[in-house]
Each structure stands twice: as structure tokens, then as C-alpha cells.
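>>> One predicted model, sequence on top.
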Amino acid sequence: MKNWFLGLAFLSVATISCSKSDKNCGYTDVNASASASEITTLQNYITANSISATQHSSGLFYTIDEAGTGNTASVCSNITVNYTGTLISTGTVFDSNTSTSGINFVLGQLIVGWQKGLPLIKAGGKITLYVPPSLGYGAFDKTDGNGNVVIPGNSYLKFSISLLYVQ
């Protein structure tokens, strides 16, 4: 779909949310967490859909489908992933990459939900993240290159991610 859009949106969020202090990559861990109401909304969704998810200390929820056996990612890691991003409210897929070679990012460039969730698995692993707005794209609409809203502001997101490689 629009992988360039997701990467650009991730970069803009990371630029706002990350402080730069590491001389090697320019990213540090972000100390952010979801509000109580966001956590309650996600918990209600997970309960209503009989999902066996774990709550992370940041407020995102996750399920580990495969733990993986390779390297663990940090904010400075170059990662290669396959993923599908879905709006929880509608089930609409807003972006994905399922190519055999995956797509590459620096983890520190991505939304906080990914920064907190991906280190929970190792390369070769698979995880599903349930991300509240404050750890995703926040209150503002995200649009594609034509001005169409792809992710409405305050959206709760689900990402199914295969972590192919960590460098």
C-alpha cells in the first residue's frame, strides 16, 4: 500500500516524541504512557473480542505469536519487518507490507507503540500490538499524498508484525 506514507508518518511522530542524545543513532527511549481512559478503551476491546493480550507498562497491549530467536531490537536498531496496520474501530487496513524482503526502518523513527512493543520479541518473531492514540499518531488526522484521511485522529490501532531482521 502506501509504505512511504507510514514511514513518513512514523518519522514525523518520532521527530516530535524522541529526544536526541545518542551519538550513534540520534534516538533514545521515549518515556510515554497511555492515559487511564485509553487503557480502559483498549481493555474493553480486548475483552469484548476474547483476545488474550498482555498489558505493557506503557499502556499498549500485545500478544506474542512467536518469540523469535535472533537479536532483540533497541531504538537504534535497523529492523526489517512485514506488517499490517488496521484501524480497530472499523477493521480497515490502512497500511501494510507483506513482501518477502520486508521493509527497513530504524526503530527510533517509528511510533512509540512500536518502540515499546518490538523489543518484546527477537528477530524471527511475530507480535500483535494494540496501540492507543497517545502511543500511535495522536489527535491529528494522518493523510496520504492526496489529502485523503488514512488514519483519523485519536485512532486505536492494531499492528500484526513479523520482525524479520534486527541489526
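Okay, I see it. Because the structure is a prediction, the values reported are computed rather than measured.
>>> What's the local residue count around Thr92?
When neighbours are defined as other Cβ atoms under 10 Å, Thr92 has 11 of them. For every residue, glycine as well, the C-beta is placed using N, CA and C.
>>> Can you tell me the SS state at the residue most central in space within the chain?
By Cα atoms, centre = their mean, the chain has its centre lying nearest to Trp114, at 3.2 Å. Following DSSP: H, G, I helix; E, B strand; the rest coil, Trp114 is assigned to helix.
>>> ok, now which ones touch it?
10, 107, 129, 159, 161 (Cβ atoms under 8 Å, 6 or more residues apart in numbering).
>>> Also Glu38?
Shown in contact with Glu38 (Cβ under 8 Å, 6+ apart): 59, 132-134, 156.
>>> run the last query once more with 10 Å
59-60, 131-136, 154, 156 (Cβ atoms under 10 Å, 6 or more residues apart in numbering).
>>> Torsion angles phi and psi at it?
phi -70, psi -40 (degrees, to the nearest 10).
>>> let's have the chain start at 20 instead
Sure, I'll start numbering at 20, so the last one becomes Glu57.
>>> Can you read off the pLDDT for it?
Here the pLDDT value assigned to Glu57 is 98.
>>> thought Asn116 was touching Phe178?
No - using Cβ atoms under 10 Å, Asn116 is not in contact with Phe178, being 11.3 Å away.
>>> more crowded one of those two?
Phe178 (24 against 19).
>>> So that one: helix, strand or coil?
From three-state DSSP, the assignment for Phe178 is strand.
>>> returning to that earlier point: so which of the contacts of Trp133 comes closest to Ala86?
Nearest to Ala86 among those is Ile180, at 13.2 Å by Cβ to Cβ.
>>> And for that closest one, the neighbour number?
Ile180: 22 surrounding residues under other Cβ under 10 Å.
>>> repeat for Val185
By other Cβ under 10 Å, the residues close to Val185 number 23.
>>> what does Asn68 give?
10.
>>> residues in contact with it?
Counting by Cβ under 10 Å, 6+ apart, Asn68 touches 107, 149.
>>> per-residue confidence at it?
Looking at Asn68, its pLDDT stands at 97.
>>> Then Thr34?
For Thr34, pLDDT reads 41.
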